[in-house]
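Chemist: how would this look folded up:
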Amino acid sequence: MHLTGFDGVEIHGAHGYLLDQFMKDEVNDRTDQYGGSLENRCRFPLEVVEAVAAEIGPERVGVRLSPFGSHSDSSDSNPEALGVYMANALNKYNILYAHYIEPRVKTNTTTSETNESLASARNAFKGTFLVAGAHTRQSGIQVIESGGADLVVYGRLFLANPDLPKRFRLNAPLNKYVRETFYTQDPVKGYTDYPFLDEGKDDGAGEKGGKHVRCPFLEEDEQA
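Modeler: Modelled structure (predicted):
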């Protein structure tokens, strides 16, 4: 395994993909050493972590998990126990970070109010703890200030705002993303054409004359 031009690898163990399917008891119906008990269901994902860490170094490895999610019908009867078990198990590999999806995010398109929390997994994991899941600027600040995570991850807002750190710093208006353009190839739209804030250049992007300029195809009713 080579990392030419990359700083590391994030192992995707979330959102109903292969590793997530092994971990979730609602979809894993195996009867061998990779099914049944929590330990068995987590065996293969941890073997992947061990192999990748051995190849490139644990300081270059992160893992993404969504124990509370139900993407592609991959849900678990006790997601908190799953999240804590993986946090404890990952500690022995000394990986760079664990990246957990907030419990309110159930699928790629739905969120729901919940009293469930990542606090137990946060307390169990000894390394850098990242969280993601429909966070705004303010909710991200609150998570960090409360000690709920070391870092907050943004996806959709970053896609629509290539200068998101600057906009957050200035508390500037945000471009609204258009979900219909996600993962599309034809036409190619919504990846490199969201505008930056005006930096004094006459390039038609950002803010002009005090008015915030948005991409022409953005829909006003799309949530940010």
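
Chemist: sheet-wise, list the partners of the helix or strand Y100 falls within with their directions.
Modeler: Assigned by DSSP states H and E, Y100 belongs to strand 97-101. Here strand 97-101 has these sheet partners by DSSP bridges: strand 61-65 (parallel), strand 128-132 (parallel).

Chemist: can you list the residues that contact it?
Modeler: 10, 14-15, 62-69, 83, 86-87, 90, 118, 121-122, 125, 127-133, 150-151, 153 (C-beta atoms under 8 Å, 6 or more residues apart in numbering). C-betas here are computed from N, CA, C, even on glycine.

Chemist: cool, stretch 37-50 as well?
Modeler: So stretch 37-50 is contacted by 11, 13, 19, 22-25, 28, 30, 32-35, 61, 63, 81-82, 85-86, 89-90, 93, 95 (C-beta under 8 Å, 6+ apart).

Chemist: just checking, which of the strands paired with strand 97-101 sits deepest inside the structure?
Modeler: Most buried of the strands paired with strand 97-101, by mean neighbour count (mean count of other C-beta atoms under 10 Å): strand 61-65, with a mean of 24.

Chemist: give me the most central residue, this structure.
Modeler: A132 (4.6 Å; C-alpha atoms, centre = their mean).

Chemist: check contacts around it.
Modeler: H99, Y100, I101, E102, V105, V152, V153, Y154, G155.

Chemist: now with 10 Å?
Modeler: Each residue near A132 by C-beta atoms under 10 Å, 6 or more residues apart in numbering is listed here: 14, 64, 66, 99-102, 105, 140, 149, 151-155.
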